[in-house]
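J.: Quick one, structure for this:
(one chain, ligands or ions: 1)
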Amino acid sequence: MRIGVLTSGGDCPGLNAVIRSVVHRGVVDHGDEIIGFEDGWRGLLDGRYRDLTLDSVSGILAQGGTILGSTRVEKSHLRDGIETAREHVAKLGLDAVIPIGGEGTLKAARLFSDAGLPIVGVPKTIDNDIACTDVTFGFDTAVSVATEALDRLKTTAESHQRVMVVELMGRHTGWIALHAGMAAGAHAIVVPERPFHIDRLTEVVRERFERGKKFAIVVVAEGAKPEPGSMHWEEGTIDIYGHERFSGVANQLSRELEHRLGKEARPVILGHVQRGGTPTSYDRVLATRFGWHAVEAAHKGAFGHLTALQGTDIELVPLAEAVADLKTVPAERYAEAETVI
Ligand code: F6P
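T.: Residues are numbered from 1 along each chain as shown. Got it, this is the predicted structure:
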């Protein structure tokens, strides 16, 4: 077979492990030829690619980022590019295309698949918000990085008797905030699924200081918002990809908490640090398994599907199901965090 692979959307630790796995499984076990499109869907639309050999993927298992590059592409550009993509796939003699990406990429994968292209998707996102898979690779790494940051912030917060408001990634879902907050023993966790009330949040922190504690750590997902009308709130804007550009929940919250509590507060925005660097061993293994199973799916002709972790097994799920809903933090999981608001 000839297989094309691409990485699209926000990068994520473990992408290179998938690419390497696709090449190893394809070349060594099936005698396939693998090419990699550069910069995600854009490479497929522009016909920009390079051959991927065992040599070219040597040593990339533990590397963060993606050797192929990644971009976001506007939806209209993708819709207009279906015919071009079809021509490039035919001209390059590809029997399968394996896009590795998150929600937006998988929606595009479905679009191309419905148009008749031979697609097998691989889900990735540090946000862990893809419904059909128990976990996506990148999430474990992001949680580990965030947990380490929270542990470090605790010591400086205590020295200065401050409230640290730590903003973690998570546009629509609070999985990273929930897990890192629990792992580090944060004193309040705020997620997008549950609009916060500033009075309640202030009371949680005030009550902690009244018990004689010297500092507080508030973890907040970047997409979290207050209950409408409960505090002054600056909304963000929408970018050309339809994604919200947030106005900075940590900044707004720390200003408000400082004012209400009369304690020094500092916003800390962890940002893209959560996506950088080497993947954890868990993410390397999951990414490698996804790559292996994506090649097997291509050989079985299971197009229009993506790989998904269900329990301990990798299953194939129709792309249509995968993009139907986001996996949000359910109330019962939120309630398990020791102090929630
Ligand atoms: O979807 C992954 C993610 O890291 C989100 O958590 C975050 O909101 C977004 O990407 C950031 O996107 P960009 O890299 O375009 O700033």
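J.: List the strands paired with the helix-or-strand element of the chain with minimal mean pLDDT, with their directions.
T.: Ranked by mean pLDDT, DSSP states H and E, the weakest helix or strand in the chain is strand 244-245, scoring a mean of 83. Next to strand 244-245 in the sheet, as set by DSSP bridges, lie strand 237-238 (antiparallel).
J.: Average pLDDT for the partner strand, rounded please.
T.: On average, the pLDDT along strand 237-238 is 88.
J.: try stretch 189-196
T.: 97.
J.: list the buried ones in that stretch?
T.: 189, 190, 191, 192, 193, 194, 196 (16 or more other Cβ atoms under 10 Å). Using the backbone N, CA and C atoms, a C-beta is placed for each residue, glycine as well.
J.: how about the residues of the stretch 1-150 of the chain that lie near the ligand?
T.: 10, 102, 125, 126, 127 (Cβ under 6 Å from any ligand atom).
J.: So the second one is in contact with residue 125, correct?
T.: Looking back up the chat, that one is residue 102. Yes. Between residue 102 and residue 125 there is a contact under Cβ atoms under 8 Å: 3.6 Å.
J.: got any residues that touch both of the two?
T.: Each of 9, 10, 12, 136 lies in contact with both residue 102 and residue 125 under the rule Cβ atoms under 8 Å, 6 or more residues apart in numbering.
J.: Quickly name whichever of those residues is closest to the ligand.
T.: Each of the shared contacts of residue 102 and residue 125 was scored against the ligand by Cβ to the nearest ligand atom, and residue 10 proved nearest at 3.6 Å.
J.: burial measure for residue 236, as a count.
T.: Neighbours of residue 236 under the rule other Cβ atoms under 10 Å: 15.
J.: That should have said residue 49, apologies.
T.: 19.
J.: One more: residue 237?
T.: Neighbour number of residue 237 under other Cβ under 10 Å is 9.
J.: re earlier: and which of the residues of the stretch 1-150 of the chain next to the ligand is nearest to the ligand?
T.: Closest to the ligand out of these is residue 10 (3.6 Å), distances taken as Cβ to the nearest ligand atom.
J.: Name the next helix or strand downstream of the longest helix seen in the chain, please.
T.: Using DSSP state H, we find that the single longest helix of the chain is helix 139-160. Following helix 139-160 in sequence order, the next helix or strand is strand 163-168 (DSSP states H and E).
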